[in-house]
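**Q** No letters, just coordinates:
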């Protein structure tokens with residue numbers, strides 16, 4: 001599947017209804033974003049079961065703010081509706097491919113158990 005432009009109205013639906021979602025926060029004026037775009041697109045073609053979304057920070061400032069995006073490009077990954085990865089900067093093609101593979105192998109029961117343990121310990125950032 002090629003990458004898709006994501007806007008705020010359908011954001012939650014896309015996250016909730018797909019197992020793995022990658023997001024590329026970008027802007028038209030951003031040189032590194034323009035260099036990362038073709039890499040992101042190429043890798044998206046290799047993983048048809050994964051949603052590769054692109055969020056234009058200029059067109060969707062509320063979404064960018066909700067993720068506290070301070071530099072672009074920034075890659076964010078969700079699995080089963082839970083944010084599991086965020087990294088500013090363009091990822092090399094091999095690293096992006098590796099990230100997608102690792103997301104597929106990620107045990108979400110372990111992730112949920114760890115999140116619950118952190119909440120119970122009071123280390124959830126409160």
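**A** Yep, it's here. All values reported here derive from a predicted model rather than from experimental measurement.
**Q** who's in contact with residue 33?
**A** When contacts are counted by C-beta atoms under 8 Å, 6 or more residues apart in numbering, residue 33 touches 24, 26, 27, 72, 73, 90. Placement of C-beta: from N, CA and C, glycine included.
**Q** what about the last one, how many residues close to it?
**A** It stands for residue 90. Here the count is done by other C-beta atoms under 10 Å, and residue 90 has 23 residues near it.
**Q** can you check the fourth one too?
**A** Using other C-beta under 10 Å, the number of residues around residue 72 comes to 23.
**Q** check contacts around it.
**A** With C-beta under 8 Å, 6+ apart, residue 72 has these contacts: 25, 26, 27, 30, 32, 33, 57, 88.
**Q** Please tell me how far it sits from residue 82.
**A** 23 Å (C-beta to C-beta, to the nearest Å).
**Q** returning to that earlier point: include distance to residue 8 when you put the contacts of residue 33 into TSV, please.
**A** Shown next, in TSV, are the contacts of residue 33 (distance: C-beta to C-beta, whole Å):
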residue	distance to residue 8
24	16
26	16
27	16
72	17
73	19
90	24
